[in-house]
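J.: Fold the following.
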Amino acid sequence: MSPTTLLLLITGCLMLQPLSTDLYLPSLPHLATDFAVSPAAVQQTLSMFVIGFGSAQLISGPLSDRYGRRPVLMGGLSIFLLASIACALAPTLDWLVFGRFVQSVGCCTAVVVARAIIRDAYSPSEGARVLAKASSLLAAAPLLGPILGGYLQVAFGWRAAFAAISLIGLIVWIAAMRSLRETNQAPNMNAMKLSGLLHSYREVMTTPAFWAYALPGAISYAAIFSFISGSSFVLIRVLGVSTQTYGLLYAIGVGGYLSGTLIGRRLLGKIGIDHTLARGTALGLAGGIGFLALVLAGVQHWALVVMAQFAVMAAHGINFPCTQSGSVAPFPRQAGAAAGLFGFITMAVALLAGLWVGASHDGTLLPLAVIAATITSVVFVVTRLLARYGHSAQMTKAAKA
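T.: You can find the predicted model right below:
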């Protein structure tokens with residue numbers, strides 16, 4: 001495969017996750033109305049996706065270590081496609097929630113294998129730059145997804161969003177079937193044995209460098225997930241923004257993610273992974289604390305929510321390529337397991353953030369502002385506490401030794 005083909009395939013796989021969440025965000029308040037349920041009940045369509053996405057990665061990663069990236073990826077994409085169709089046809093909320101769970105299993109497999117392919121094909125620093133490039137391209141999903149979702153909701157209802165997701169899944173399936181070549185040249189025959197699984201995860205979990213990147217990456221994602229799960233209710237129900245306008249405002253906020261990936265690509269080439277991560281978490285802290293301060297000062301306007309989302313997502317655009325690449329770099333033979341564990345931790349922390357958003361919603365901006373400020377503060381502190389275990393620190397110690 002040419003580098004361009006590989007980049008596009010990786011981008012297509014990674015894009016399935018934001019599309020699966022962002023495209024139907026404008027429909028969340030309408031789902032509550034159509035099924036006559038509370039906002040907390042509708043949040044299950046997000047929380048079950050997060051649970052499935054996180055837990056399945058513990059298996060899909062080692063599966064790709066044992067049987068190869070290509071067959072596992074094709075299986076995951078097939079599950080994603082069929083589940084997306086089932087969501088579009090869901091007659092009840094329970095059906096939709098279950099369909100979202102199954103959809104997440106296929107989606108997470110595609111994402112985990114894409115991360116493992118990057119580890120197969122590139123060095124850690126090159127992998128971070130490739131992920132930053134892919135992130136810049138896949139920013140089109142959260143940028144355009146809510147806009148498209150808003151128009152689909154107004155014109156056809158919430159089922160149209162899942163029909164669109166099904167079509168996109170089919171396109172990625174066809175592209176992978178035609179173009180993807182196997183990149184796992186040394187399959188781990190013990191990867192799926194219980195002893196092999198336990199050994200792989202024990203090795204990953206006892207490596208400090210893994211946690212130096214996995215925890216900041218997971219908490220950074222939780223920061224943006226608070227906006228993913230809470231912004232539609234805040235903007236549409238609290239501030240009275242229309243469904244179509246919400247898609248546009250959300251896209252502006254997500255523009256921060258695109259900006260962050262572009263900034264991150266420049267910083268990575270100049271100052272390396274660790275210093276880039278430190279700057280990204282500082283930006284996120286400024287956005288979260290500024291959001292809370294202005295809400296406490298009495299500001300109640302959609303522009304404040306959009307500005308806060310822009311800053312927090314810009315920080316995540318800088319942080320996530322660093323943490324994804326850094327967390328799997330020490331594990332050439334357990335890349336799938338490391339990527340899976342990284343994803344599991346990320347989704348577990350995001351689930352807690354989503355539950356916090358759903359439980360604290362009180363018809364004002366304050367709960368979302370408190371959550372954003374708290375999470376961005378935690379990721380800022382954790383990054384600095386674990387910095388001594390990062391790759392730059394380890395290489396410095398090795399050089400002195």
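J.: What count of nearby residues applies to residue 244?
T.: Other residues near residue 244 come to 16 when the count uses other Cβ atoms under 10 Å. All C-beta spots, glycine's among them, are computed from the backbone N, C-alpha and C.
J.: Ok, residue 35 next?
T.: For residue 35, the count of nearby residues is 16 (other Cβ under 10 Å).
J.: Ok, residue 92 next?
T.: By the criterion of other Cβ under 10 Å, residue 92 has 9 neighbours.
J.: mind checking how far the closest residue to it other than its chain neighbours is from residue 346?
T.: Leaving aside its sequence neighbours, residue 92 sits nearest to residue 35 (Cβ to Cβ, 6 or more residues apart in numbering; 7.3 Å). Going from residue 35 to residue 346 by Cβ to Cβ, to the nearest Å gives 29 Å.
J.: ok so, going back, does the residue nearest to residue 92 touch residue 94 like I think?
T.: No: with contact defined as Cβ atoms under 8 Å, residue 35 does not reach residue 94; the gap is 9.4 Å.
J.: any idea how far residue 355 is from residue 108?
T.: Residue 355 is 19 Å from residue 108, where distance means Cβ to Cβ.
J.: Those two: which has the busier surroundings?
T.: Using other Cβ under 10 Å, the more surrounded residue of residue 355 and residue 108 is residue 108, with 32 against 16.
J.: so what's that one up against?
T.: If you count contacts by Cβ atoms under 8 Å, 6 or more residues apart in numbering, residue 108 has them with 17, 52, 53, 54, 56, 57, 60, 76, 343, 347.
J.: Format those residues as CSV; extra columns: distance to residue 134 and neighbour count.
T.: Output for the contacts of residue 108, formatted as CSV (distance: Cβ to Cβ, whole Å; neighbours: other Cβ atoms under 10 Å):
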residue, distance to residue 134, neighbour count
17, 12, 22
52, 23, 22
53, 18, 29
54, 21, 22
56, 21, 26
57, 18, 28
60, 19, 26
76, 17, 27
343, 16, 29
347, 19, 27
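J.: Could you single out the nearest of these to residue 298?
T.: Nearest to residue 298, judged by Cβ to Cβ, of those is residue 347 at 35.6 Å.
J.: Sticking with that closest one, tell me its helix or strand.
T.: helix 335-360 (DSSP states H and E).
J.: Can you list the buried residues in that helix?
T.: Neighbour-count burial for helix 335-360, with 16 or more other Cβ atoms under 10 Å as criterion, is recorded at 335-347, 349-351, 353-358.
J.: Can you tell me how far the residue nearest to residue 92 is from residue 295?
T.: As judged by Cβ to Cβ, residue 35 and residue 295 stand 31 Å apart.
J.: doesn't residue 189 make contact with residue 66?
T.: Yes: shown here, residue 66 and residue 189 form a contact pair, counting by Cβ under 8 Å, at 6.8 Å.
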